[in-house]
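In: Have a look at this fold, sequence not included:
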DNA sequence: ACTGTATTGCGAACCAGTCGCAACTAGACC
DNA sequence: GGTCTAGTTGCGACTGGTTCGCAATACAGT
């Protein structure tokens, strides 16, 4: 598992006002075991504090994104146009989305790191976010397909 | 400039019904000099044939995407949640989006190609689409910023 | 505890994209 | 060239995700 940032501490360290809602939302994102969209984040957060509003969810996401603490993903829009969020990890990684079963795999590699350095250097570009998403057919779906064709 | 596919020929070769609307839309995408979203594509296409409908634009985009002839981009959502489209090029390339001036740079590199092969091989994943977007501050905006701080 | 400012909840609004359905048309066959 | 029909289109209504304006509220500094 890739090491994640500790949101609550970092937000506090930035001198940002810590409201109950923000605390709850941040804890929810931090402890999530899968990629959350805004609606699921709202649902989960409401289990801890039922009075959280949709708008606050979006505003908090916006805040954390601006602070560079979470990343926004599309996951190839496998399920509509919504976005998914994850706590930024120490190392960048990419997402593989299977068009058949919807599984998401994560993948970090030195080549990806190297590409990042190269992009920054060659274009003289100050990289803040980097999002690599790959869509296709995963190992097990390819196997199933092959079987069916025989 | 990266070499683009010839959409009209390829669509025809696939035995897909070529309606006036599709022809116009395909020509418009093909000749576009910048990344088009659905609304701009509609506007441009209407200059050639005023009777094209929004729904047809979306349906044609869907078709070309399914055929793997165009790629869908977010361009870091610099201007809202809409999507942008571009004709697939021979070589994959990535997009650098500047959060300050909104400029989009394109970048192709052997390391990117290599990463693609590596992803396919290491995960045993059949790659159909690959989207790498980078957000940050471009060379000239960084220079301007530095100047202001002095 | 008091105060000022940032944040919240609410509901309405927004925007990109989708859908159902009747009318139309490309292109295959004669 | 005319006929036929499956595939495509235009229309308008709708959806789902996200944003906004504003009055009420709550954090953090004194």
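Out: In hand now; what should we look at? As the structure is a prediction and not an experimental result, all values here were calculated from the model.

In: what about the strands in chain A?
Out: Under the criterion DSSP state E, strands of chain A are mapped to A:36-37, A:70-73, A:84-87, A:94-98, A:104-107, A:126-137.

In: Of these, flag the one that's most buried.
Out: Among those, strand A:94-98 has the highest mean neighbour count (mean count of other C-beta atoms under 10 Å in any protein chain shown), at a mean of 22. Every residue, glycine included, has its C-beta placed from N, CA and C.

In: That one pairs with which strands, and in what direction?
Out: Within its sheet, and counting by DSSP bridges, strand A:94-98 is paired with strand A:104-107 (antiparallel), strand A:126-137 (parallel).

In: for chain B, what are the nearby residues on chain A?
Out: Residues of chain A lying close to chain B by C-beta under 8 Å from any C-beta of the partner chain are A:74, A:76, A:81, A:94, A:96, A:98-99, A:105, A:107, A:109, A:111-112, A:114-115, A:118-119, A:122-139, A:142.

In: Check those one by one and keep those near DNA strand D.
Out: Counting by C-beta under 7 Å from any atom of the strand, residue A:81 from the residues of chain A next to chain B sit close to DNA strand D.

In: where does residue A:147 land on pLDDT?
Out: pLDDT recorded at residue A:147 is 68.

In: ah, wrong one, I meant residue A:4
Out: For residue A:4, pLDDT reads 77.

In: Assess the claim that it and residue A:71 are in contact.
Out: No - using C-beta atoms under 8 Å, residue A:4 is not in contact with residue A:71; the gap is 10.9 Å.

In: Mutual contacts of those two, please.
Out: Residues touching both residue A:4 and residue A:71 by C-beta atoms under 8 Å, 6 or more residues apart in numbering or on different chains: residue A:88.

In: so where is chain A shaky, pLDDT-wise?
Out: A:1, A:147-150 (pLDDT under 70).

In: Just grab the bridge partners of residue A:36 for me.
Out: Per DSSP bridges, the residues bridged to residue A:36 are residue A:85.

In: List the contacts of it.
Out: The neighbours of residue A:36, taking C-beta under 8 Å, 6+ apart as the test, are A:28, A:29, A:44, A:84, A:85, A:86.

In: So which residues on chain A come close to DNA strand C?
Out: Looking at DNA strand C, the residues of chain A close enough under C-beta under 7 Å from any atom of the strand are A:16-17, A:19, A:21-22, A:51-56, A:59-60, A:81.

In: Those residues: which two are farthest apart?
Out: A:17 and A:81 (31.2 Å; C-beta to C-beta).

In: So which residues on chain A come close to DNA strand D?
Out: A:15, A:17-20, A:37-39, A:54-55, A:58, A:62, A:80-83.

In: wait, residue A:73 sits on residue A:83?
Out: Yes - counting by C-beta under 8 Å, residue A:83 is a contact partner of residue A:73 at 6.7 Å.

In: what residues do the two have in common as contacts?
Out: Counting by C-beta under 8 Å, 6+ apart, nothing touches both residue A:73 and residue A:83.

In: ok, back up a step: derive a PyMOL selection command for the buried subset of the residues of chain A next to DNA strand D.
Out: Buried members of the residues of chain A next to DNA strand D, defined by 16 or more other C-beta atoms under 10 Å in any protein chain shown, are picked up in PyMOL with:
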select buried, chain A and resi 37+38+83
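
In: So which of the residues of chain A next to DNA strand D sit within helices?
Out: Judged by DSSP state H, helices contain the following of these: A:20, A:38, A:39, A:54, A:55, A:58, A:62.

In: Quick check, central residue of chain A?
Out: residue A:86 (2.8 Å; C-alpha atoms, centre = their mean).

In: burial of residue A:25, as a residue count?
Out: 26 (other C-beta atoms under 10 Å in any protein chain shown).

In: same question, the one 4 residues further on
Out: Counted by other C-beta under 10 Å, the residues lying close to residue A:29 total 22.

In: Please look at it and residue A:42 and confirm they touch.
Out: No - counting by C-beta under 8 Å, residue A:42 is not a contact partner of residue A:29; they are 11.5 Å apart.

In: Distance check, residue A:31 against residue A:69.
Out: Going from residue A:31 to residue A:69 by C-beta to C-beta, to the nearest Å gives 15 Å.

In: more crowded one of the two?
Out: Ranked by neighbour count (other C-beta under 10 Å), residue A:31 and residue A:69 place residue A:69 first, with 21 against 9.

In: Pull up the gap between that one and residue B:107, please.
Out: 26 Å.

In: same thing with residue A:77?
Out: Distance, residue A:77 to residue B:107, by C-beta to C-beta: 24 Å.

In: and if you look at residue A:89?
Out: As defined by C-beta to C-beta, residue A:89 lies at a distance of 24 Å from residue B:107.

In: How about residue A:131?
Out: Applying C-beta to C-beta, the value for residue A:131 to residue B:107 is 14 Å.
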